[in-house]
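Participant: Predicted model, plus sequence, below.
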Amino acid sequence: LDVLLVRILVEVVDAVGVPRGALRAAMAWFKYRGERRLAAVFAAGVAAYREAHPTWFEEFDLVTAVPTFLGDGARRSWDPVGAIMAPLAARLDPGWLVAPRAVTKIRETPGMAGLGWSARQQVARGPLRRALAVPDPALVAGRQGLVVDDVLTEGSTLREVARALRRSGATEVAGLVLARPPWHPDPM
């Protein structure tokens, strides 16, 4: 059912790579150790992926990021995925609207790293859904949005961001993540 909901709310999700080796290490340094210089490297990877797959991207006119809460009580003092947006904007055609804060997170939510599927769904459908806001619905209304995230596990976060965008009038939403583990048709 969850995969179906992701497919209904999110037209398609693609990944730049698989979180192994150097990519996995770089992502950990970036996200958990604050190695902000890697934002430009990841933006270059997303831009190169877009250039290698131009027909996949031709319908989209809005790029945004899965938001990180930055207020009082935040786990992080910076927004890793949002940091990729400025160097990415410099690499995209002028027709793209890059709006890193088209969706915001208005309060901290429990982290999902290390949680099982059921617990992740509870966080996504509860605290995460209630914490997401679209501050300027006119910015996303009628647009086809591409949401950038760092890692896709099973899609619950991306589903909720897509839900917020669609409720504010986005006509299509797709996801592009830096890394996604390989999916197996017969999970153990």
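Facilitator: Everything's here; your move.

Participant: check contacts around the closest residue to Arg76 other than its chain neighbours.
Facilitator: Here the nearest residue to Arg76 in space, its sequence neighbours aside, is Thr68; by CB to CB, 6 or more residues apart in numbering that works out to 5.8 Å. Glycine gets a C-beta too; all of them are placed from N, C-alpha and C. When the contact criterion is CB atoms under 8 Å, 6 or more residues apart in numbering, the partners of Thr68 are Ala74, Arg76, Trp78, Asp79, Pro80, Val81, Gly82, Lys105.

Participant: Thr68 in helix, strand or coil?
Facilitator: Judged by DSSP: H, G, I helix; E, B strand; the rest coil, the three-state class of Thr68 is coil.

Participant: ok, now how distant is it from Pro100?
Facilitator: From Thr68 across to Pro100, the span is 10 Å (CB to CB, to the nearest Å).

Participant: cool, Ala170 as well?
Facilitator: When distance is defined by CB to CB, Ala170 is 15 Å away from Pro100.

Participant: Run through the bridge partners of the residue sitting nearest the centre point of the chain.
Facilitator: The centroid of the chain falls nearest to Asp149 when counting by CA atoms, centre = their mean (2.6 Å). Here Asp149 sits in beta bridges with Val177, as judged by DSSP bridges.

Participant: Buried among the contacts of Thr68? Need that as a selection in ChimeraX.
Facilitator: The following ChimeraX line selects those of the contacts of Thr68 that are buried, judged by 16 or more other CB atoms under 10 Å:
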select :79,80,81,82,105
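
Participant: need the contacts of Thr68 in CSV with secondary structure, pLDDT and distance to Val18, can you?
Facilitator: As requested, the contacts of Thr68 are arranged in CSV below (DSSP: H, G, I helix; E, B strand; the rest coil; pLDDT from 0 to 100; distance: CB to CB, whole Å):
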residue, secondary structure, pLDDT, distance to Val18
Ala74, coil, 90, 29
Arg76, coil, 87, 24
Trp78, coil, 91, 25
Asp79, coil, 94, 24
Pro80, helix, 93, 19
Val81, helix, 93, 18
Gly82, helix, 94, 23
Lys105, strand, 96, 27
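
Participant: Spatially, which two of the contacts of Thr68 are the most separated?
Facilitator: Taking CB to CB, the two most distant members of the contacts of Thr68 are Ala74 and Val81; they sit 14.3 Å apart.

Participant: Many thanks, have a good one.
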